[in-house]
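Colleague: Following is a predicted model, sequence given first.
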Amino acid sequence: MHTLTYLVAAIDLGSNSFHVTVVDTAEAPYRIVSRSGEKVQLAAGLDEQGFLSQEAIDRGLNCLQRLVPKLKQVALKNCHVVATNTLRVAHNRMHFIRQAEAILGVPIRVLTGEEEASLIFSGVVGEVSSSDYQLRKKLVIDIGGGSTELILGQQHPQHLQSFPMGCVAFSSQFFPHRKIQQSYIQNAVEAAKNIIDKATLSDSWDSWQMCIGSSGTIKALAGLSTLTDHGMPYLDLASMNQVEDQLLAFENLDEVVIEGLRPDRGEVLPAGYAILKGIMLSLKLDRIYFSSGALREGVLLRALQPDT
């Protein structure tokens, strides 16, 4: 099958999931043709010495084999593949990357934490439609499987910080035997709060006018809230406490099934919730909006508008 030059793809090899977004660039800035993704939980295969298990590598490679058909009409030069925290820190990442590049036929760019944060910010800003919100200085929070990014800026990122805490890593660390207990959630909240408390954030981090969350964890949490403003869903501490009550109704991570929640998101939601709650407490956030834009949208915008 011949390729279509107006199609562009962003492939995100995340610590929790792998995702492919294909867009049609014949319409400015683009129109989404397809979105696909699978839970891989690469971060769960990272041992204490920082090596990926063969099982995790196989999960990732098998997932890519299934995602490749989604790219069959996209020219290789229009496929932009990025990898995040787990492949950033794994000592044996090249063992995975060489095989993954052979499957995809294109090079994989392993992002630094700062590059990842910058692309996320671009993706978030690109999806904020209210002109009033576009003009405000924004604090963007993105909770991934292996890391959390905080980004401050208006139209462009001005301050970036990446933290080594993610929903897959926290699930393993704070929920022994995959059990859900209030004390486990509280320990994870305190750990996240302490990580942010100890960060040397300059005074300029206090100057944001609105806080926006992005990516799967915050999307899932915002989906459980009924609060909206200017058409944007948001969370506050009261709605977060209601989410915690819902989570505590389950005894273990594998049981977390909530209406409106994607099945593969449930098991990492308690850890993701704890990270967000810890950040809210540390930075004294009273409201977090949700934007559908994130890393893949930032990759696409940067590919189509290199000067942004």
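Modeller: Arrived safely, thanks for sending.
Colleague: Could you pull out the strands in this structure for me?
Modeller: 7-13, 17-24, 31-39, 79-83, 108-110, 138-143, 148-153, 157-163, 210-214, 228-229, 232-235, 288-290 (DSSP state E).
Colleague: Switch those strands over to CSV; also include mean pLDDT.
Modeller: Shown next, in CSV, are these (pLDDT from 0 to 100):
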stretch, mean pLDDT
strand 7-13, 97
strand 17-24, 95
strand 31-39, 93
strand 79-83, 97
strand 108-110, 98
strand 138-143, 93
strand 148-153, 92
strand 157-163, 88
strand 210-214, 92
strand 228-229, 86
strand 232-235, 89
strand 288-290, 92
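Colleague: Quick check: which of the ones you listed is nearest to Gly50?
Modeller: Gly50 lies closest to strand 108-110 among the strands of the chain, at 14.4 Å (C-beta to C-beta). Bear in mind the C-beta positions are built from the backbone N, C-alpha and C, glycine included.
Colleague: related to what we said a few turns ago, with distance to Leu269 and mean neighbour count added, can I get the strands of the chain in JSON lines?
Modeller: Output for the strands of the chain, formatted as JSON lines (distance: least, C-beta to C-beta, whole Å; neighbours: other C-beta atoms under 10 Å):
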{"stretch": "strand 7-13", "distance to Leu269": "20", "mean neighbour count": "25"}
{"stretch": "strand 17-24", "distance to Leu269": "13", "mean neighbour count": "22"}
{"stretch": "strand 31-39", "distance to Leu269": "12", "mean neighbour count": "15"}
{"stretch": "strand 79-83", "distance to Leu269": "24", "mean neighbour count": "22"}
{"stretch": "strand 108-110", "distance to Leu269": "27", "mean neighbour count": "17"}
{"stretch": "strand 138-143", "distance to Leu269": "11", "mean neighbour count": "26"}
{"stretch": "strand 148-153", "distance to Leu269": "15", "mean neighbour count": "25"}
{"stretch": "strand 157-163", "distance to Leu269": "19", "mean neighbour count": "18"}
{"stretch": "strand 210-214", "distance to Leu269": "14", "mean neighbour count": "24"}
{"stretch": "strand 228-229", "distance to Leu269": "21", "mean neighbour count": "12"}
{"stretch": "strand 232-235", "distance to Leu269": "13", "mean neighbour count": "22"}
{"stretch": "strand 288-290", "distance to Leu269": "15", "mean neighbour count": "24"}
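Colleague: Those strands into a markdown table, with extra columns for distance to Ala271?
Modeller: A markdown table is the format used below for those (distance: least, C-beta to C-beta, whole Å):
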| stretch | distance to Ala271 |
| --- | --- |
| strand 7-13 | 20 |
| strand 17-24 | 15 |
| strand 31-39 | 14 |
| strand 79-83 | 21 |
| strand 108-110 | 24 |
| strand 138-143 | 9 |
| strand 148-153 | 11 |
| strand 157-163 | 14 |
| strand 210-214 | 15 |
| strand 228-229 | 26 |
| strand 232-235 | 16 |
| strand 288-290 | 17 |
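Colleague: Contacts only, for the residue nearest to Arg136 when sequence neighbours are not counted.
Modeller: Computed as C-beta to C-beta, 6 or more residues apart in numbering, the closest residue to Arg136 that is not its neighbour in sequence is Gln209, at 4.0 Å. Counting by C-beta atoms under 8 Å, 6 or more residues apart in numbering, Gln209 makes contact with Arg136, Lys137, Lys138.
Colleague: What distance do you get for Gly293 to Gln41?
Modeller: 24 Å (C-beta to C-beta, to the nearest Å).
Colleague: about what we covered before: for the residue nearest to Arg136, phi and psi?
Modeller: phi -110, psi -20 (degrees, to the nearest 10).
Colleague: What segments of the protein are helices?
Modeller: For the chain, applying DSSP state H gives helices covering 54-67, 85-89, 93-104, 113-127, 131-134, 167-174, 182-198, 215-223, 237-247, 269-283, 295-304.
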